[in-house]
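# Here is my input; please provide its structure:
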Amino acid sequence: MKALHFRAAVATAGVMALLVLHLGAAGAADAVSMTTRALVVSDQARRYLTLAYGSPTEFMGCMIGQVHGPVVFVQRIAPADVDPAHSTRTHVLPRQTCEEAGWTGTVGMIHSHPGGERCFYYFPGTQVASSDAESFARQPYPVDAIMCGDSIVWIGRDRAQRQLRLADGPAVMTLDHQPGNRVHTGTLAARGE
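Here you go, the predicted model:
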């Protein structure tokens, strides 16, 4: 069993290294100002998200990790400071920022959409920003994410929506979705989940 976990960790590190090299991030001096093109989520963070997604109300977490050029690596998810009265099935509001709550190394926020509904930052077929996109615009972090079933829908400062599968096996990156473009076949929105 330990060998299996070791191989998974080595594979994750290898995928991240390949992404960094492929996307031209090696030796980048100002990593935070670059456009994020890939999101890598550790096994620990994936397990936390899988457990937290079972909640009937929205949860919110601070994605703790590092930025390496255009790659954001999330090592773990720390719970955001949310009053239970401010978490409903369709809304969640933290009491303070991740840094004010004592978390350092925050690279973004993540929250869930129970039932996997409305998992987008721009209304399909339009350039109209959802409340999630508006909220991200007010944050200082390079990425923001929505947990939707077995996938994360995320956005970077380039405003392109992307999707990352959390299921066992390597993460699957989908094509970039520019604001206003319809989501391609096979995503949660297209399958109606």
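
# what stretches of this structure score poorly on pLDDT?
1-34, 168-193 (pLDDT under 70).

# For it, just list every one of the helices.
For the chain, the helices defined by DSSP state H cover 2-22, 43-52, 131-137, 188-191.

# and Gly156, what does it touch?
Neighbour list for Gly156: 35-37, 72, 142-143, 162 [criterion: C-beta atoms under 8 Å, 6 or more residues apart in numbering]. Any C-beta I mention is one placed from the backbone N, CA and C, and that applies to glycine too.

# any idea how far it is from Arg95?
26 Å (C-beta to C-beta, to the nearest Å).

# can you map out the strands along the protein?
Per DSSP state E, the chain carries strands over the ranges 38-41, 60-68, 71-79, 82-87, 92-94, 106-112, 143-148, 151-156, 161-165.

# got TSV for the ones you listed, with distance to Phe120 too?
Converted to TSV, these look like this (distance: least, C-beta to C-beta, whole Å):
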stretch	distance to Phe120
strand 38-41	16
strand 60-68	18
strand 71-79	20
strand 82-87	21
strand 92-94	17
strand 106-112	14
strand 143-148	8
strand 151-156	7
strand 161-165	6
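
# out of those strands, nearest to Ala133?
Minimum separation from Ala133 across those (C-beta to C-beta) falls at strand 151-156, 6.9 Å.

# quick one, that closest one and strand 60-68 angle?
60 degrees (axes from the mean of the first three to the mean of the last three C-alpha atoms, to 10 degrees).

# Strand partners (parallel or antiparallel) of strand 151-156?
Strand 151-156 pairs in its sheet with strand 143-148 (antiparallel), strand 161-165 (antiparallel), by DSSP bridges.

# what's the angle between it and strand 106-112?
Using the same axes, to 10 degrees: strand 151-156 against strand 106-112 is 140 degrees.

# ok and strand 151-156 relative to helix 43-52, angle-wise?
Going by the same axes, to 10 degrees, strand 151-156 makes 120 degrees with helix 43-52.

# Can you say which of the strands of the chain is nearest to Glu100?
Of all the strands of the chain, strand 92-94 comes closest under C-beta to C-beta, at 9.2 Å.

# Enumerate the positions of the closest one that are buried.
92, 94 (16 or more other C-beta atoms under 10 Å).

# now do stretch 154-163
In stretch 154-163, counting by 16+ other C-beta under 10 Å, buried: 154-157, 159-163.

# mind listing what's buried in stretch 79-89?
80-82, 87.

# swap in stretch 52-67?
Of the residues in stretch 52-67, 52-53, 58-65, 67 count as buried by neighbour count, 16+ other C-beta under 10 Å.
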